[in-house]
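Participant: Model the following, please.
(2 chains)
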2 protein chains.
Amino acid sequence: MPAQPIHPPHRLLMGPGPITADPRVLRAMSAALVGQYDPAMTAYMAETQQLYREVFRTGNDATLLVDGTSRAGIEAALVSLITPGDRVLVPVFGRFGHLLREIAERCGAEVHVIEREWGEVFPPDEVIAALDRVRPKLLALVHGDTSTTVAQPLADIGAACRERDVLFYTDVTASLGGNVFEADAWGVDAATAGLQKCLAGPSGSSPITLSPRAVEVIRARTSIEAGLREADSPVSAHPIRSNYFDLGQILEYWGPKRLNHHTEATSMLYAARECARLLVEEGMDAAVARHELHGAAMAAGLEGLGLRLFGDQQHRMNNVIGVFIPAGVDGEAVRGGLLTDYAIEIGTSFGPLHGRIWRIGVMGYNARRDAVLTTLAALEQVLRQAGVPVPHGGGVAAAQARYAVAA
Amino acid sequence: MPAQPIHPPHRLLMGPGPITADPRVLRAMSAALVGQYDPAMTAYMAETQQLYREVFRTGNDATLLVDGTSRAGIEAALVSLITPGDRVLVPVFGRFGHLLREIAERCGAEVHVIEREWGEVFPPDEVIAALDRVRPKLLALVHGDTSTTVAQPLADIGAACRERDVLFYTDVTASLGGNVFEADAWGVDAATAGLQKCLAGPSGSSPITLSPRAVEVIRARTSIEAGLREADSPVSAHPIRSNYFDLGQILEYWGPKRLNHHTEATSMLYAARECARLLVEEGMDAAVARHELHGAAMAAGLEGLGLRLFGDQQHRMNNVIGVFIPAGVDGEAVRGGLLTDYAIEIGTSFGPLHGRIWRIGVMGYNARRDAVLTTLAALEQVLRQAGVPVPHGGGVAAAQARYAVAA
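Facilitator: The predicted structure follows:
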């Protein structure tokens, strides 16, 4: 049978991402294309930059999109900032710390790692002590690691980096929009994100912001590509190893020169712009408060079902909750029951947590009361059928009580 | 004023790409998301692979999408195939040959270049002689170079590569779907494309196909990333320098193991699948014939306006036509007039052709009679207002005559 038009089944995506996208973002992607240098296109690019300055809380001129998933943004930042042989410090407290280490190694860095158990964060002093010990060029640190549900406190790290002339990169894919993040106030030099978490869009575009000192490091390495190069074009002794992720070139494409690089992914730009537009319209503080409320209601509801939460709750991200799979329960069978009977997806987990916890996302478009209560009601049914003695209505009641406090 | 919802102006995009996307492709992107490992998602991934096997004319199991623009696909192929120090032969006949050289250099290759004037192609014997002289590991050769509008004949190159144990990569971004391309029959080891040309979609996803011998080279270099690695995971002496573009890992993500890599760009996958579905539904031969017909009608129409075509017409791509800007005419003013008064975009050009030719695309959704005749009618008006003595109705009449022959 020939392939049919796309017609996905209904899903309520309450995992660690991707989550159900906001219908307004999906509709934005169905807008007609315009040319790459059309005045409408360059205006949309400029608006997108301004919107993401508000989302990242920054005045950085160099705020733009990398055309790829959030992982593309990470690699663009690291490959553009790291010259082979550079020392890089990576504090690891979950899977995405390992990813930063992995990418930095492939960039040719001398990587130094400090580690914490999954579910914990680093006391900032521990990171700062490692800065003094390792004396890296770059600190690469995840903000919120979805694999463990916790968020590393960053507020004091940036100042310590500046004092030591260390560049500070952070991956905010999982946290941005649902947790307080302040690129400028926290002294962040580079931050990258994705759309598929609190930004309520699909994966495939990576917003990025770069401080002036990060831009300076990148510009010093910029080479104009063969085919566009002129006699007086800069030549670098340490060119960036990637063309696609060469932020020096990408900055020229987004900047006033509009120097041709890739063909901008127009529909994903429409999506990214709409994600930011909706957040800014709501207000960043209001968006964070919304994630905090619905995340807290979900956490209360899970405890109301008699489940035990995973990880350092003092540092839990607002938008994703880890919960232990009850003893004797087949975690995948419960996830399958939720999907089959209720069209609800919750998340499994990786590495040391695999088979031990589920991860439940409350983010973006699904940071909503009906999504929280529906998930709790369905989970109660599935757990009971799996033989877990869950209190009747205990999850929904606890969540409703949490909502009542906020009302 | 706060940013408003996306509402682009009407455009008829008759440049070298992006072109007006098929509304069915745009609608596919507005479908709701499903989870990354949802049975619906993995089924869509498998269908997408099968559809692109038909588009590329290949039996290659390793046929999939790279999440980024067409340039991302190029870099994924080259960085995964090239080990630093490898000799690579790049025949350059336009801007995108320079791009292959540039990317191969950043991958650490020892790059050898042969060149032709822009507008010409290489006699296949010249490429084969260079293979014997350079003895490269990899030949990287553009199929259709939009910068010059011509397509390199490839049919005899693959066999020569196999005899010499050379890997054969080709960039078919500009040509695929609108020109005959036969990955298997022509002995191609790796080919990459984009959606924004004859595939009638937006930029942002890069279909790729890899022969078994290309896969063998890549698998020998595969490292499983830190955070997912197990005691018996393979370790390579020459790991791929990029994580995001590590086709070894991406193959495991698209393969039966579904090993987590990036979060698939779901909406772009919906778009890519719909692009291929529409082409396969039409039939690849019929799609190529459609591009040939409408491209020929446009070329005839441009000559009917008294304009001179650019480049080797024997080897012109069906889907893009270069045409000299008449002496004394400001090419950008004409393009501006077309955009302002008729909402039609035609293309400028790069490098040695800048200011000398326009490039007019007839591809994908816009490989249509009304798009061709409307463009010719509008161009006639704008040229006359620019002082060019164009024959009244000459463009449209010549195109109609070409259509009459085909009818």
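Participant: Could you tell me how far the residue lying closest to A:Thr222 once chain neighbours are set aside is located from B:Val150?
Facilitator: Sequence neighbours aside, A:Gly248 is the residue nearest to A:Thr222 in space, at 3.1 Å (criterion: Cβ to Cβ, 6 or more residues apart in numbering or on different chains). For the C-beta atoms, the positions are set from N, CA and C on the backbone; glycine is no exception. Using Cβ to Cβ, to the nearest Å, A:Gly248 is found at 31 Å from B:Val150.
Participant: Kindly report the same for A:Asn179.
Facilitator: For A:Asn179 relative to B:Val150 (Cβ to Cβ), the value is 53 Å.
Participant: Check A:Ala297 too.
Facilitator: 62 Å.
Participant: Quick check: residues of the stretch 51-200 of chain A near chain B?
Facilitator: Residues of the stretch 51-200 of chain A found near chain B (Cβ under 8 Å from any Cβ of the partner chain) are A:51, A:67-72, A:75, A:79, A:95-99, A:101-103, A:105-108, A:194, A:196.
Participant: Quick one: the helices in the stretch 301-407 of chain A, in order.
Facilitator: A:331-342, A:369-385, A:394-406 (DSSP state H, counting those that start in this stretch).
Participant: Can you add mean pLDDT and mean neighbour count and give the ones you listed back as CSV?
Facilitator: What follows is the helices of the stretch 301-407 of chain A, written out as CSV (pLDDT from 0 to 100; neighbours: other Cβ atoms under 10 Å in any protein chain shown):
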stretch, mean pLDDT, mean neighbour count
helix A:331-342, 98, 16
helix A:369-385, 98, 19
helix A:394-406, 97, 18
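Participant: Mind checking the ones you listed for the one nearest to B:Val382?
Facilitator: helix A:369-385 (53.5 Å; Cβ to Cβ).
Participant: about what we covered before: in a helix, the residue nearest to A:Thr222, correct?
Facilitator: Yes: note on A:Gly248: a helix contains this position according to DSSP: H, G, I helix; E, B strand; the rest coil.
Participant: Could you break chain A into its assigned domains?
Facilitator: A:22-280, A:283-406 (automatic domain parsing).
Participant: quick one: which helix or strand includes the residue nearest to the spatial centre of chain A?
Facilitator: Geometric centre of chain A, nearest residue: A:Thr173, 0.9 Å, by Cα atoms, centre = their mean. Assigned by DSSP states H and E, A:Thr173 belongs to no helix or strand.
Participant: Am I right that it is in contact with A:Ala72?
Facilitator: No: look at A:Thr173 against A:Ala72 with Cβ atoms under 8 Å: they stay out of range, at 10.9 Å.
Participant: intersection of neighbour lists for these two?
Facilitator: A:Ser206 (Cβ atoms under 8 Å, 6 or more residues apart in numbering or on different chains).
Participant: the strands in the stretch 201-350 of chain A, which residues?
Facilitator: A:206-210, A:320-324, A:344-345 (DSSP state E, counting those that start in this stretch).
Participant: Looking at those, spot the one closest to A:Pro23.
Facilitator: Nearest of these (Cβ to Cβ): strand A:344-345, 17.8 Å.
Participant: Could you export the strands of the stretch 201-350 of chain A as TSV, including mean pLDDT, mean neighbour count and distance to chain B?
Facilitator: Converted to TSV, the strands of the stretch 201-350 of chain A look like this (pLDDT from 0 to 100; neighbours: other Cβ atoms under 10 Å in any protein chain shown; distance: least, Cβ to the nearest Cβ, whole Å):
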stretch	mean pLDDT	mean neighbour count	distance to chain B
strand A:206-210	98	27	10
strand A:320-324	98	26	14
strand A:344-345	98	24	4
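Participant: okay, those in JSON lines with distance to B:Val127 next?
Facilitator: Putting these into JSON lines (distance: least, Cβ to Cβ, whole Å) gives the following:
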{"stretch": "strand A:206-210", "distance to B:Val127": "38"}
{"stretch": "strand A:320-324", "distance to B:Val127": "53"}
{"stretch": "strand A:344-345", "distance to B:Val127": "51"}
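Participant: B:Gly351: which of those is closest?
Facilitator: Closest among the strands of the stretch 201-350 of chain A, once you apply Cβ to Cβ, is strand A:206-210, at 29.2 Å.
Participant: Tell me the strands beside that closest one, with direction?
Facilitator: Here strand A:206-210 is paired, per DSSP bridges, with strand A:62-66 (antiparallel), strand A:190-192 (antiparallel).
Participant: State the mean pLDDT of the shortest one.
Facilitator: By that I understand strand A:190-192. Regarding strand A:190-192, the rounded mean pLDDT is 98.
Participant: Check the first one too.
Facilitator: Averaged across strand A:62-66, pLDDT comes to 98.
Participant: you'd agree A:Asn243 is up against B:Ile103?
Facilitator: Yes: between A:Asn243 and B:Ile103 there is a contact at 4.8 Å, judged by Cβ under 8 Å.
Participant: what pLDDT does A:Thr173 get?
Facilitator: Value for A:Thr173, per-residue pLDDT: 98.
Participant: show me the contacts for it.
Facilitator: A:70, A:73-74, A:96, A:144, A:146, A:192-194, A:197, A:206.
Participant: Point out where the stretch 201-350 of chain A drops to low pLDDT.
Facilitator: For the stretch 201-350 of chain A, applying pLDDT under 70 flags the ranges A:225-232, A:234-235.
Participant: Pull up the residues of it that are close to chain B.
Facilitator: A:202-204, A:225-228, A:239-245, A:260-268, A:270-271, A:273-274, A:277, A:280-281, A:339, A:345, A:350.
Participant: Assumed A:Val111 was part of a helix.
Facilitator: No: counting by three-state DSSP, A:Val111 is not part of a helix but strand.
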